[in-house]
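Enquirer: predicted model and sequence follow; I will ask about them next.
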2 protein chains.
Amino acid sequence: MTPRGRGAGAVTLKDVAAAAGVSVATASQALSGRGRMTPATRERVRGAAEDLGYLANALAQGLRTGRTRALGVHHERAAANLRTPYFRDFLAGAVEAAHRHDHDLVVLSSDTSRPRTTAPRVDGVVVVDPIADDLRARELMALPVPVVAGEHVPSSMPPCAVVAADHATAVRAVLDAAARQGVRHPMLVAPDENSGWGEVLRDVVGAWSAERGLTPVLVASRFGELSVDRHEELLAPVLADRPEVDLVLAASPFAAQAAMAVLRGMGRQPGRDVLVAACADEPALLAEDPPVTAVELPAYALGVACVERLVAILEDDRGPAAALGTVQTVPAPVHLRASTAGALTRAMA
Amino acid sequence: MTPRGRGAGAVTLKDVAAAAGVSVATASQALSGRGRMTPATRERVRGAAEDLGYLANALAQGLRTGRTRALGVHHERAAANLRTPYFRDFLAGAVEAAHRHDHDLVVLSSDTSRPRTTAPRVDGVVVVDPIADDLRARELMALPVPVVAGEHVPSSMPPCAVVAADHATAVRAVLDAAARQGVRHPMLVAPDENSGWGEVLRDVVGAWSAERGLTPVLVASRFGELSVDRHEELLAPVLADRPEVDLVLAASPFAAQAAMAVLRGMGRQPGRDVLVAACADEPALLAEDPPVTAVELPAYALGVACVERLVAILEDDRGPAAALGTVQTVPAPVHLRASTAGALTRAMA
DNA sequence: GTGAAAGCGCTAACAG
DNA sequence: CTGTTAGCGCTTTCAC
């Protein structure tokens, strides 16, 4: 009958009420500052709570009020991705903002092998990098709590409030720089339709190319593929097939590294015969020869912005629905490096 | 009467029960796999839950069962410290282990300006670097849930299960290396009695010195001081006062950097006239001239170990009390570098 | 096999 | 001004 375990021994409001000689209801109001009562009573209850070391049970409070003062963060394979600086920075930003607003920040378990059987005890959720085939993400987005997506939502997922890096501006800066070097045959290597980021990149490159009467080559990769080798396997045949390509714009820095290797293997010199750039930065890109132009994804700022957005939605009287389609962007610095700085020497006319 | 807000609209067990034509009690048992009933009934309930997208309310479940499947992490000024690699690595390890055991991981709000009014909804807490004057840490340690300290607990705090780096072994390796270069007058700069780490370092250096008939100079600093300048202000007078010191062992890498600067300013050449080492590593130490010997604190491994320990305590039938005094250590690699490699040229006999 | 009822700790109406 | 009452969603005896 009594719950097994850890909760046992905790001081409850009943204990405080008894000690102060009032009812639990009065005690509750005394502590929350609500209700009208003599200052004396209120002080007596406060004192009792203090003496007993009373801390309200957040579970019970949350059950009753529907508010938990906790926010959740979900990332597909959170534990594994926590090895990447991107998610770490993001999380650091999210924690900073959550704590500033006096909320706990819950890193939701993301063992995707089994579906959650339980709705997380949070007031809202940030889904970092929503991926269409991430079942957990879908579950969370179906929850009756507001959701903010950290990055664009693939079109096959339900809409929600979005906070994303300003890829369009950043990628256009890269493309313009490449154009100045005479690029005519851009290739985009980007995650497939499971990723909203991939969709955005295709849109931007598509629009930019159309404005110039160019036709980009589009190659689909898998989101979250961190292996350079795998990307080489993907790119070797397509690059062999398309010798006219004079710019490889890769979403992933690992794909960019792979492109460098493959091109070199084909006897083409990156930065001269062909330009290379990435839509996400990584220290390794600086160590390449030549160093690879890249967009810096502002992970920390995104973490902050996502949580700020979530808090704003929670406090919005119009209700969470008002936020559904909205997109907010965070600037993404562009680092132009030697891989896009050399005038193209056109090997083949 | 109905709680305002976010919870509204959620599918409850009542809805599932109604859809399946059973009572909530039966529905509960059907889903949890407990209780005896016809497979047909169980399937019907499962199906209804599936169709409605039912997720159990973790708050209610937790209130009833006393288990939330969530673990908390507390760090003084968590948000600020999340800028340091140490806490990031620690957190990454903690998340990995927590998720492996199917628990959410809550980064507890650590706005220390106001005390928590609410007990966090977690089954147990990891307190990273417990500091004696951290009120939040004390609050958490008074909670009726098990607590694991990530690093030694200062003697003025209540005891709990401890998981710490093996400072003793590591520091002794550094001291032995220094002794081989002829060190006779070691100085230890370590956090004051607010920090269990500081206490351990003083104990180790004290014991080691006693074994050799040496008397170490002990300087107390403030835990968490990340500024090199502040450390310089602290060290300049003491080092001027104690020209005989031939080894500065600093707990913090920033104190080690400060020592390097101060010594150089005094015309003493670190690595030759005087040795320098740190009890925590930092990239900047590699860039010093000469590079500074340091102990690498295994943050990620500590994060994993703390959570593993917490889970073990939660599953231990003997109850959490059994774990109270225990200390578990994680190896801390030592990086011997040039700052302790040169034979001391004794400027003064 | 299944349902009714109690209660985890708390808050919000409504009486008194 | 304060106490009584009801109920948040769930689990768990205990009758039927």
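Expert: Here it is on my side, so go on.
Enquirer: OK, contacts around the spatially most central residue of chain A?
Expert: In chain A, the C-alpha nearest the mean C-alpha coordinate belongs to A:Val128, at 2.8 Å (C-alpha atoms, centre = their mean). Going by C-beta atoms under 8 Å, 6 or more residues apart in numbering or on different chains, A:Val128 touches A:Val73, A:His74, A:His75, A:Phe87, A:Phe90, A:Gly150, A:Glu151, A:Cys306. Any C-beta I mention is one placed from the backbone N, CA and C, and that applies to glycine too.
Enquirer: any of those residues buried? List them.
Expert: With neighbours counted by 16 or more other C-beta atoms under 10 Å in any protein chain shown, the contacts of A:Val128 contain buried members at A:Val73, A:His74, A:His75, A:Phe87, A:Phe90, A:Gly150, A:Glu151, A:Cys306.
Enquirer: secondary structure class of A:Leu188, three-state.
Expert: strand (DSSP: H, G, I helix; E, B strand; the rest coil).
Enquirer: which residues are in contact with it?
Expert: Contacts for A:Leu188 (C-beta under 8 Å, 6+ apart) come out as A:Leu201, A:Arg202, A:Val205, A:Pro216, A:Val217, A:Leu218, A:Val219, A:Leu249, A:Ala250, A:Ala251.
Enquirer: among those residues, which ones are buried?
Expert: Of those, these count as buried by 16+ other C-beta under 10 Å: A:Leu201, A:Arg202, A:Val205, A:Pro216, A:Val217, A:Leu218, A:Val219, A:Leu249, A:Ala250, A:Ala251.
Enquirer: I figured the third one was touching A:Leu249, is that so?
Expert: Spelled out, that is A:Val205. Yes. Using C-beta atoms under 8 Å, A:Val205 is in contact with A:Leu249, at 6.7 Å.
Enquirer: I figured A:Leu143 hits B:Leu55, correct?
Expert: Yes. In this structure, A:Leu143 is within contact of B:Leu55 by C-beta under 8 Å, at 7.3 Å.
Enquirer: can you count the residues close to the closest residue to DNA strand D within the stretch 151-300 of chain A?
Expert: As assessed by C-beta to the nearest atom of the strand, DNA strand D sits closest to A:Pro158 within the stretch 151-300 of chain A, at 21.9 Å. Residues lying near A:Pro158 (other C-beta atoms under 10 Å in any protein chain shown) number 11.
Enquirer: not counting its neighbours along the chain, what's nearest it?
Expert: Excluding its sequence neighbours, the residue lying closest to A:Pro158 (C-beta to C-beta, 6 or more residues apart in numbering or on different chains) is A:Met141, at 5.4 Å.
Enquirer: contacting residues around A:Glu151?
Expert: By C-beta under 8 Å, 6+ apart, the contact list for A:Glu151 reads A:Val128, A:Asp129, A:Pro130, A:Val162, A:Val163, A:Ala164, A:Ala165, A:Gly196, A:Trp197, A:Leu302.
Enquirer: still on that earlier bit, just the buried ones among the contacts of A:Leu188 now: which is nearest A:Glu315?
Expert: Nearest to A:Glu315 among the buried ones among the contacts of A:Leu188, counting by C-beta to C-beta, is A:Leu201 at 33.3 Å.
Enquirer: so when I look at the closest one, I'm seeing a helix, right?
Expert: Yes. Looking at A:Leu201 with three-state DSSP, it is inside a helix.
Enquirer: if we can go back for a sec, now, the contacts of A:Leu188 that are in strands?
Expert: Judged by DSSP state E, the contacts of A:Leu188 include A:Val217, A:Leu218, A:Val219, A:Leu249, A:Ala250 as members of strands.
Enquirer: that older thread, out of the contacts of A:Glu151, who's nearest B:Ala79?
Expert: Among the contacts of A:Glu151, A:Leu302 lies closest to B:Ala79 (C-beta to C-beta), at 15.7 Å.
Enquirer: if I look at that closest one, how far off is B:Val126?
Expert: 26 Å (C-beta to C-beta, to the nearest Å).
Enquirer: over to A:Val22?
Expert: Counting by C-beta to C-beta, the gap from A:Val22 to B:Val126 is 37 Å.
Enquirer: A:Thr68 now?
Expert: On the measure of C-beta to C-beta, A:Thr68 and B:Val126 end up 20 Å apart.
Enquirer: these two: which has the busier surroundings?
Expert: B:Val126 (32 against 27).
Enquirer: for that one, pull up the helix or strand it's in.
Expert: strand B:124-128 (DSSP states H and E).
Enquirer: next secondary structure after that strand?
Expert: Heading C-terminal from strand B:124-128 (DSSP H and E), you reach helix B:135-141.
Enquirer: OK, contacts around the residue of the stretch 151-300 of chain A closest to DNA strand D?
Expert: A:Pro158 neighbours (C-beta under 8 Å, 6+ apart): A:Arg138, A:Met141, A:Ala142.
Enquirer: one more: A:Ala179?
Expert: Counted by C-beta under 8 Å, 6+ apart, A:Ala179 has contacts A:Arg212.
Enquirer: CA atoms of the helix or strand harbouring it as CSV?
Expert: Per DSSP H and E, A:Ala179 falls inside helix A:167-180. Provided in CSV are the C-alpha atoms of helix A:167-180 (Å, rounded to 0.1, in the frame of the first residue of the first chain):
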residue,chain,number,x,y,z
HIS,A,167,21.6,27.9,-43.4
ALA,A,168,20.2,29.8,-46.3
THR,A,169,22.3,32.9,-45.7
ALA,A,170,25.4,31.0,-44.8
VAL,A,171,25.3,28.6,-47.7
ARG,A,172,24.6,31.4,-50.1
ALA,A,173,27.7,33.1,-48.9
VAL,A,174,29.7,29.9,-49.6
LEU,A,175,28.1,29.5,-53.0
ASP,A,176,28.7,33.1,-53.9
ALA,A,177,32.3,32.8,-53.0
ALA,A,178,32.6,29.7,-55.1
ALA,A,179,30.8,31.4,-58.0
ARG,A,180,33.5,34.1,-57.9
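Enquirer: any idea of the mean pLDDT in that helix?
Expert: Regarding helix A:167-180, the rounded mean pLDDT is 97.
Enquirer: show me what from the stretch 151-300 of chain A comes close to DNA strand D.
Expert: When proximity is defined by C-beta under 7 Å from any atom of the strand, the stretch 151-300 of chain A lies next to DNA strand D nowhere.
Enquirer: so which residues of the stretch 151-300 of chain A form helices?
Expert: Assigned by DSSP state H, counting those that start in this stretch, the helices in the stretch 151-300 of chain A fall at A:167-180, A:196-211, A:228-241, A:253-265, A:283-287, A:299-315.
Enquirer: B:Met37 is nearest to which of these?
Expert: With C-beta to C-beta as the yardstick, what comes closest out of these is helix A:299-315 (40.3 Å).
Enquirer: where in the stretch 201-349 of chain A is pLDDT low?
Expert: Along the stretch 201-349 of chain A, segments meeting pLDDT under 70 span A:346-349.
Enquirer: residues in it within reach of chain B, list them.
Expert: A:Leu314, A:Pro320 (C-beta under 8 Å from any C-beta of the partner chain).
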